[in-house]
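K.L.:
Provide a 3D model corresponding to the input given below.
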Amino acid sequence: MKDFKKMLELRSIIKKKKPVFLRQDFQIKKLKKKWIRAKGIHSKIRQSMAGHISMPNPGFGSPKIVRGLNHNGLREVLVHNVNDLLNVKEGCCAVIGKTVGMKKRLDIAKKAVELKINISNVENPNEFVKNAEDSIKKKKENTKKGKPDKKIAEKKTEEKKQTKEEEKELKKKVLEMKAK
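P.N.:
Okay, here's the model as predicted:
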């Protein structure tokens, strides 16, 4: 276990020292800032000359024992529904997919608390469940309040018609007064 923790610490040190690998001529606006291997015959980057961008090498990699693990040393399993939680085994933690909506996210969080599974992208699952339920209740109340009755809507349209007719009558009277 100590060796495992040491490896996690070593990985964090290596990652701090690791440079950002950018392609050759990354400063040109139309070229994306992602790594593409330099292929030119006279390329200084391909030849690994001093003072130029460094290329990815095995030495920049993390130790094999901790490769693919998160900062707590757990393997992450992507979860999109409650059934996917059953695939999460010991030594793993769940990550709720970003396309999952609030209702399913709530169900997943409840089930994870029940099964005692860590969710890495939810800090406190119990608190999250409470907050999510409250927000859903508020949303339901707002939708009920927001629906206008048909009778009220009809009255408003009738009132608008009456006011328009009154305005027309007033205009006619004013025009008649001016004509006289």
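K.L.:
what are the structural domain limits within this structure?
P.N.:
With domains defined by automatic domain parsing, the chain comprises 75-146, 151-180.
K.L.:
checking the nearest residue to Asn118 once chain neighbours are set aside next. Helix, strand or coil?
P.N.:
Counting by CB to CB, 6 or more residues apart in numbering, Asn118 lies nearest to Cys93, which is 4.0 Å off, once chain neighbours are set aside. C-beta coordinates here come from the backbone N, C-alpha and C atoms, glycine included. Using DSSP: H, G, I helix; E, B strand; the rest coil, the secondary structure recorded for Cys93 is strand.
K.L.:
count the residues that sit near Cys93.
P.N.:
20 (other CB atoms under 10 Å).
K.L.:
this protein: strands as residue ranges?
P.N.:
Along the chain, counting by DSSP state E, strands occupy 75-79, 92-96.
K.L.:
winner for burial among the ones you listed?
P.N.:
Using mean count of other CB atoms under 10 Å, the stretch among those with the largest mean neighbour count is strand 92-96, at a mean of 20.
K.L.:
which residues are in contact with that one?
P.N.:
70, 72, 74-80, 84-85, 88, 105, 108-109, 112, 117-122 (CB atoms under 8 Å, 6 or more residues apart in numbering).
K.L.:
buried among those residues? Make that a ChimeraX selection.
P.N.:
Restricted to buried positions by 16 or more other CB atoms under 10 Å, the ChimeraX selection for the contacts of strand 92-96 reads:
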select :74,76,77,79,85,88,105,108,109,112,117,118,119,120,122
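K.L.:
circling back to that earlier point, reformat the domains of the chain as CSV; add mean pLDDT and distance to Lys16.
P.N.:
Conversion of the domains of the chain to CSV gives the following (pLDDT from 0 to 100; distance: least, CB to CB, whole Å):
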stretch, mean pLDDT, distance to Lys16
domain 75-146, 92, 21
domain 151-180, 81, 63
